[in-house]
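Asks: sequence unknown, structure follows:
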């Protein structure tokens with residue numbers, strides 16, 4: 001096998017990851033110890049590209065003596081975590097090893113798997129039931145920054161908040177935002193003036209505030225992608241660019257009523273953002289023939305007679321339920337062209353058919369937020385820590401003050417005051433102002 005070119009292999013796939021950009025910069029400068037260190041730091045996040053690159057470095061004898069045992073283990077690790085070309089290379093290295101060396105490679109692979117802290121999403125990552133939003137009964141819209149208004153800029157801010165028994169907001173933390181440094185202050189000011197329904201206990205909430213002047217034009221979105229080379233740098237593994245893509249896609253998909261179905265069978269694609277992607281879903285008809293008490297939302301394929309020829313859903317249990325109710329059934333009275341649609345139940349007695357489209361996974365905010373987090377974006381990691389237990393535990397091990405603050409708050413609310421205050425004090429010691437606010441009101 002000839003020497004493996006890391007950069008060329010990286011550019012050949014959309015699933016390139018890591019603070020790979022930092023690691024690759026070190027690699028290009030032939031600073032192999034730093035590159036190796038950066039790649040290795042990502043293995044606990046099940047980062048297949050980092051493992052692949054470590055395998056290539058071991059095979060190429062870069063910064064080390066040639067080590068086919070390590071190359072085999074790293075390639076096997078990368079292949080097990082869905083790297084597109086690692087299995088081919090692993091299968092080429094394996095026959096060159098003795099039985100003893102193959103056992104050594106297997107032992108090293110087991111060690112690498114053992115250190116994983118974040119499961120890949122396809123392996124059933126644990127959802128965290130951390131936040132329990134009470135109903136907001138008064139929402140104060142944020143002021144639009146003059147600078148942003150003059151330039152027609154738009155964005156979003158994801159925040160975590162503590163709601164007291166009276167329904168007032170006691171503390172707010174920004175988890176993620178786009179563009180960074182523009183809308184956060186106004187978002188916090190507005191959210192602190194919101195009023196929630198009273199409750200028996202303090203609760204932790206999570207809010208996404210969006211900023212836009214009217215509808216978001218797809219041309220403006222594409223300009224942002226083009227000017228900042230977001231697709232290109234995201235494909236190269238830059239976590240900052242991937243996080244920006246995640247925030248932008250979340251914003252435009254929210255604007256379009258999430259009328260896209262994520263079809264994982266579609267090949268990965270990077271742009272462009274077209275008009276149909278940004279546009280809101282349109283009602284095709286509400287003259288429907290549905291089973292009694294049907295109250296599920298679904299994506300369906302219809303033929304020219306209005307008969308459901310296929311049902312689409314990402315959850316197997318829901319798919320089976322919808323299939324049994326709708327497949328091969330005529331569901332519309334009106335003349336509707338054959339095609340792909342969203343069937344929406346918007347109250348207990350009414351349903352409607354909306355325009356919809358299939359999109360690849362690379363057009364979703366969830367995909368890029370996950371990539372950004374696995375590649376080292378602290379903002380993406382904090383956003384996921386509010387949703388998934390393993391990310392919270394990972395950041396607690398990293399002693400992240402934001403996650404320490406909210407994990408500590410939850411412990412106090414759960415009656416574990418000493419444990420919670422220990423985390424809050426640790427965050428305060430790191431200078432996290434919100435931790436001080438939280439401790440004062442708990």
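Replies: Thanks, I have the structure now. Since the structure is predicted, the reported quantities are computational estimates derived from the model, not experimental observations.
Asks: where do the domain boundaries of this protein fall?
Replies: Described in terms of automatic domain parsing, the domain architecture of the chain consists of the residue ranges 6-123, 136-262, 282-355, 388-441.
Asks: turn those domains into TSV, columns for distance to residue 273 and mean pLDDT.
Replies: In this view, the C-beta of every residue, glycine as well, is placed from N, C-alpha and C. Output for the domains of the chain, formatted as TSV (distance: least, CB to CB, whole Å; pLDDT from 0 to 100):
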stretch	distance to residue 273	mean pLDDT
domain 6-123	16	86
domain 136-262	5	90
domain 282-355	17	88
domain 388-441	27	95
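Asks: so can I have TSV of these showing mean neighbour count?
Replies: Below are the domains of the chain laid out as TSV (neighbours: other CB atoms under 10 Å):
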stretch	mean neighbour count
domain 6-123	19
domain 136-262	18
domain 282-355	15
domain 388-441	19
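Asks: thinking residue 90 is in contact with residue 83, fair?
Replies: No: taking contacts as CB atoms under 8 Å, residue 90 lies outside contact range of residue 83: 9.6 Å.
Asks: distance of residue 389 from residue 180?
Replies: From residue 389 across to residue 180, the span is 26 Å (CB to CB, to the nearest Å).
Asks: now swap in residue 157 and tell me
Replies: Taken as CB to CB, the span from residue 157 to residue 180 is 10 Å.
Asks: for residue 342, which three-state class applies?
Replies: strand (DSSP: H, G, I helix; E, B strand; the rest coil).
Asks: swap that for residue 30, sorry
Replies: coil.
Asks: one more: the one 4 residues further on?
Replies: Using three-state DSSP, the three-state assignment for residue 34 comes out as helix.
Asks: contacts only, for residue 21.
Replies: Residues in contact with residue 21 (CB atoms under 8 Å, 6 or more residues apart in numbering) are 233, 236, 237, 238, 239.
Asks: same thing but 10 Å
Replies: By CB atoms under 10 Å, 6 or more residues apart in numbering, residue 21 lies in contact with 10, 38, 233, 236, 237, 238, 239, 240, 241, 375, 376.
Asks: re the thing from before, could you name every residue contacting both of residue 157 and residue 180?
Replies: Shared contacts of residue 157 and residue 180 (CB under 10 Å, 6+ apart): 174, 247.
Asks: for stretch 207-221, measure first residue to last.
Replies: 23 Å (CA to CA, to the nearest Å).
Asks: try stretch 292-312
Replies: Stretch 292-312: ends 21 Å apart by CA to CA.
Asks: quick one: that stretch to chain centroid distance?
Replies: 29 Å (CA atoms, centre = their mean, to the nearest Å).
Asks: what do you get for stretch 377-387?
Replies: 9 Å.
Asks: for that stretch, what does the pLDDT average out to?
Replies: The average pLDDT for stretch 377-387 rounds to 92.
Asks: pLDDT value on residue 3, please?
Replies: Residue 3 is given a pLDDT of 55.
Asks: then residue 128?
Replies: For residue 128, the predicted pLDDT is 53.
Asks: could you dump the contacts of residue 21 into JSON lines and include secondary structure?
Replies: As requested, these are arranged in JSON lines below (three-state DSSP):
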{"residue": "10", "secondary structure": "helix"}
{"residue": "38", "secondary structure": "helix"}
{"residue": "233", "secondary structure": "helix"}
{"residue": "236", "secondary structure": "coil"}
{"residue": "237", "secondary structure": "coil"}
{"residue": "238", "secondary structure": "coil"}
{"residue": "239", "secondary structure": "helix"}
{"residue": "240", "secondary structure": "helix"}
{"residue": "241", "secondary structure": "helix"}
{"residue": "375", "secondary structure": "coil"}
{"residue": "376", "secondary structure": "coil"}
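Asks: need those residues in JSON lines (columns: distance to residue 97).
Replies: Output for the contacts of residue 21, formatted as JSON lines (distance: CB to CB, whole Å):
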{"residue": "10", "distance to residue 97": "26"}
{"residue": "38", "distance to residue 97": "27"}
{"residue": "233", "distance to residue 97": "37"}
{"residue": "236", "distance to residue 97": "32"}
{"residue": "237", "distance to residue 97": "30"}
{"residue": "238", "distance to residue 97": "35"}
{"residue": "239", "distance to residue 97": "35"}
{"residue": "240", "distance to residue 97": "39"}
{"residue": "241", "distance to residue 97": "38"}
{"residue": "375", "distance to residue 97": "31"}
{"residue": "376", "distance to residue 97": "32"}
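Asks: ok so, going back, and for residue 90 and residue 83, which residues touch both?
Replies: 52, 55, 74, 75, 77.
Asks: the last one in helix, strand or coil?
Replies: Read it as residue 77. Secondary structure assignment for residue 77 (three-state DSSP): helix.
Asks: what residues are up against it?
Replies: Counted by CB under 10 Å, 6+ apart, residue 77 has contacts 43, 46-48, 50-52, 54-55, 83, 86, 90, 108-113, 116.
Asks: kindly indicate which of the shared contacts of residue 90 and residue 83 lies nearest residue 220.
Replies: Distance to residue 220 across those (CB to CB) is lowest for residue 52, with 36.6 Å.
Asks: how about the closest one, secondary structure?
Replies: Residue 52 - assigned by three-state DSSP - is helix.
Asks: gap between it and residue 376?
Replies: Looking at residue 52 against residue 376, where the rule is CB to CB, the gap reads 17 Å.
Asks: for residue 161, helix, strand, or coil?
Replies: strand.
Asks: report the contact partners of it.
Replies: Per CB under 10 Å, 6+ apart, neighbours of residue 161: 131, 133, 169-173, 188, 191-192, 194, 196, 203-207, 406, 434.
Asks: apply 6 Å and report the result again.
Replies: Counting by CB atoms under 6 Å, 6 or more residues apart in numbering, residue 161 makes contact with 169, 172, 205.
Asks: just the contacts of residue 21 now: which is nearest residue 218?
Replies: Among those, and counting by CB to CB, the member closest to residue 218 is residue 241, at 19.5 Å.
Asks: surely that closest one touches residue 234?
Replies: Yes: counting by CB atoms under 6 Å, residue 241 touches residue 234, with 4.7 Å between them.
Asks: which residues of the stretch 201-350 of the chain fall in helices?
Replies: 218-227, 230-235, 239-255, 275-278, 316-326 (DSSP state H, counting those that start in this stretch).
Asks: tell me which of these lies nearest to residue 143.
Replies: helix 239-255 (18.7 Å).
Asks: host element of residue 370?
Replies: For residue 370, the host element (DSSP states H and E) is helix 365-374.
Asks: what's that helix in contact with?
Replies: 17, 45, 47, 239, 242-243, 245-246, 249-250, 361, 380-381, 384.
Asks: distance from that helix to the middle of the chain?
Replies: 4 Å.
Asks: brilliant, that's me finished.
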